[in-house]
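Participant: predicted model follows, preceded by the sequence.
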Amino acid sequence: MNSKFYITLILGEAGFDIWKKTFEKRGAALWLDDGAKYHTSKATTAYRKALGMERMNWPAQSPDLNPIENIWHLMKLRISQRRHRITTREEMKRVLQEEWKKIPLKYIRKLIKGMSKRREEVIKQRGGSTCY
């Protein structure tokens, strides 16, 4: 991933639309990413500012408390186990949508329910490594 792909694939294709809908619905919205270099590059920052997207500051090496990371990991495992190698962007989009639909709502709810425990563990470890 680099700034150009992040701007095009994440911010440009879906991110701005999601941010805009949230802003219109609630009157405020913040863009949250993990602070990786391509999230904070001059090009990405300029693109977000041109769209009016305000970004929440978040350190790049922070403990990851976002349950979506568990879901991305599960999807990555499932996709890597497929026999057929993905060769096009359209195929990747289709495969991602297929795998996303297979994730049980029960699993997502379990991840969300566990957030308090994750938060407590991060506090206990003073921001250091946890089992999550």
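Facilitator: It's in.

Participant: roughly how far is the worst-scoring helix or strand of the chain on mean pLDDT from the heart of the chain?
Facilitator: None of the helices or strands of the chain scores lower by mean pLDDT, DSSP states H and E than helix 115-124, at a mean of 84. Here helix 115-124 is found 20 Å from its chain centre; the criterion is CA atoms, centre = their mean, to the nearest Å.

Participant: now swap in stretch 4-24 and tell me
Facilitator: 12 Å.

Participant: so for that stretch, mean pLDDT?
Facilitator: The pLDDT scores in stretch 4-24 average 91.

Participant: got the buried residues for stretch 18-33?
Facilitator: 19, 29, 31, 33 (16 or more other CB atoms under 10 Å). To be clear about C-beta, it is placed using only N, CA and C from the backbone, and glycine gets the same treatment.

Participant: domains of this structure?
Facilitator: As given by automatic domain parsing, the domain ranges for the chain are 3-51, 68-124.

Participant: what distance do you get for R78 to A46?
Facilitator: According to CB to CB, to the nearest Å, R78 and A46 sit 36 Å apart.

Participant: dump the domains of the chain into TSV; add distance to T130 as well.
Facilitator: Converted to TSV, the domains of the chain look like this (distance: least, CB to CB, whole Å):
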stretch	distance to T130
domain 3-51	16
domain 68-124	4
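
Participant: which of these sits closest to C131?
Facilitator: The closest of the domains of the chain to C131 is domain 68-124. By CB to CB, the value is 7.2 Å.

Participant: all helices of this structure, in order?
Facilitator: 3-5, 16-26, 37-40, 42-51, 68-80, 89-102, 105-113, 115-124 (DSSP state H).

Participant: ranking the ones you listed by burial, who's on top?
Facilitator: Looking across the helices of the chain with neighbours counted as mean count of other CB atoms under 10 Å, the highest average goes to helix 37-40: a mean of 16.

Participant: how distant is that helix from the center of its chain?
Facilitator: That offset, for helix 37-40, works out to 13 Å (CA atoms, centre = their mean).
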